[in-house]
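Student: need a 3D model of the sequence below.
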Amino acid sequence: MTRGLQILASYTFSKSIDDVSDETITGIPPGALDLRVERGPSDFDIRQNFAAAFSWNLPGPKENRWLRGILGGWGMDGIYRARSGAPFNLITQVADPLNVGATRRANVIAGIPQFLDDPSAPGGRRVNPAAFAVPAPGRQGSLGRNSLRWLAAQQFDLSARREFNLTEGVRLQFRADMFNIFNNPNFADPGGSIDVVNTPTFGRSQSMLNRSLSGAGGSATRQTSPANGFNQLFQFGGPRSVQLSLKLLF
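Tutor: Here you go, the predicted structure:
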């Protein structure tokens, strides 16, 4: 854009549809392997993604040596990310002798809103338990696979840095990296089973988004762990956190 300033922005609209998004066939009742019933949005189907980033080497005084030593060498970097809501399912775990070992989705009750506005719920939204019911034995529920969508998410990360020239080819860089600097709340989808509608946690998000990005979509029980290489603290959708570091450049 100008001397010392770089800007990059991108927007993606996409749609991914499949029958099964991973190597399992969970959700397809045995004896009724009709993949047309399972065709729907992929677990990872995020329709809209926007990302923008900048890197700015701040101009410093050139003529005054002492002011240049204090105010020179500073820079800033930032990344803003926003995405639409992820898909999820509601299931039932009621015992069914005609459907042993597989997961069934709920039935949809027509004419009833599937979500309710609730200021006391994380994100101000929760699933309406009156809109769903247990399907008949041996049948998959009428709720389409991954047909429910949760809340959108956004986050802005900002870094401030300064470099000190030690020798002609060696520099020392100090950085302060601030993840989700505005502490914007992003919540994981509620998922879960309609068999526990009378519990206070039903239809409400139970964790921040950063704790739900390590597994396939459509589940409220998946958790981020160090074993899979994800760090909850610096993952997209977590609370505000700050990291200080020193880097030697040569």
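Student: touching, Gly169 and Leu249? I think so.
Tutor: No - the criterion here is Cβ atoms under 8 Å, and Gly169 misses it with Leu249 at 9.0 Å. For glycine as for every other residue, the C-beta is placed from the backbone atoms N, C-alpha and C.
Student: if you count surrounding residues, which of those two has more?
Tutor: Neighbours were tallied for Gly169 and for Leu249 using other Cβ atoms under 10 Å; the higher tally belongs to Leu249 (11 against 8).
Student: what's the more buried one sitting at in phi/psi?
Tutor: Note on Leu249: backbone dihedrals following degrees, to the nearest 10 are phi -110, psi 130.
Student: off-centre distance for the longest helix along the chain?
Tutor: Among all segments of the chain classified by DSSP state H, the helix with the greatest residue count is helix 65-71. For helix 65-71, the separation from the chain centroid amounts to 43 Å (computed by Cα atoms, centre = their mean, to the nearest Å).
Student: name the next helix or strand downstream of the lowest-mean-pLDDT helix or strand in the chain, please.
Tutor: In the chain, the helix or strand scored least confidently by mean pLDDT, DSSP states H and E is helix 65-71, which has a mean of 71. Moving toward the C-terminus from helix 65-71, the next helix or strand (DSSP states H and E) is strand 74-83.
Student: hey, C-alpha coordinates of that following strand in PDB?
Tutor: What follows is strand 74-83, C-alpha atoms only, in PDB (Å, rounded to 0.1, in the frame of the first residue of the first chain):
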ATOM      1  CA  TRP A  74       8.900  -0.500  15.800                       C
ATOM      2  CA  GLY A  75       6.300  -2.500  13.800                       C
ATOM      3  CA  MET A  76       2.800  -3.900  14.100                       C
ATOM      4  CA  ASP A  77       1.200  -7.000  12.600                       C
ATOM      5  CA  GLY A  78      -2.500  -8.000  12.700                       C
ATOM      6  CA  ILE A  79      -4.900 -10.700  11.500                       C
ATOM      7  CA  TYR A  80      -8.700 -10.500  11.500                       C
ATOM      8  CA  ARG A  81     -10.700 -13.600  10.800                       C
ATOM      9  CA  ALA A  82     -14.500 -14.100  10.600                       C
ATOM     10  CA  ARG A  83     -16.500 -17.100   9.600                       C
END
